[in-house]
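Chemist: Generate a structure from the sequence data that follows.
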Amino acid sequence: MHPAGALLAVCGLVLGVLGKPSPDFCSLILKSDVKPGFPKIIKTNDPDVLRAARHSAESFNNCSNDAFLFRESRISKALVQIVKGLKFMLDMDIGRTTCKKTRHANLDDCSFQTNRTLQWTLSCYSEVWVTPWLQTTEVSVLHCH
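Modeler: Below is the predicted model:
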């Protein structure tokens, strides 16, 4: 396959997976040194980023022995990489909520702790793999401190 044809095929994959890339995405691939699979900065309020952050918080809750649920409170940096799906790399904070784990609450309904002795925020780095055509999401890396 001709190199430009391969890049157009990648561009088609990007269009199919992301749904709405920036208008000049394909021309940027063809005219620059950006290679397929290279991480790209993405807005922290992008709906896909927010979903990836939620999956990260849920993974933390599944591994934590804390009595309360945590949820994402701030996303400071987000990157996305297209490699066999979408890999989101997030720098984010998660905070302890008022929801007890035993009640399995919807995190959207959970407020952050206001009691100073119970407040706790952790800084996390997370990598989330999303494979849209398989309808899978996996948190492959989660480091919180």
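Chemist: Wait, a strand at L90?
Modeler: Yes - secondary structure of L90 (DSSP: H, G, I helix; E, B strand; the rest coil): part of a strand.
Chemist: so who does it touch?
Modeler: Residues near L90 by CB atoms under 8 Å, 6 or more residues apart in numbering: 49, 52-53, 56, 75, 77-79, 124-128. (Glycine included, C-beta is placed from N, CA and C.)
Chemist: Now do D93 against A57, distance only.
Modeler: Distance from D93 to A57, counting by CB to CB, to the nearest Å: 10 Å.
Chemist: hey, what's in contact with both of the two?
Modeler: By CB under 8 Å, 6+ apart, the residues touching both D93 and A57 are E72.
Chemist: and those two? which has more neighbours close in?
Modeler: When neighbours are counted by other CB atoms under 10 Å, A57 comes out ahead of the other of D93 and A57, with 24 against 16.
Chemist: From what I see, that one and F70 are in contact.
Modeler: Yes - in this structure, A57 is within contact of F70 by CB atoms under 8 Å, at 5.7 Å.
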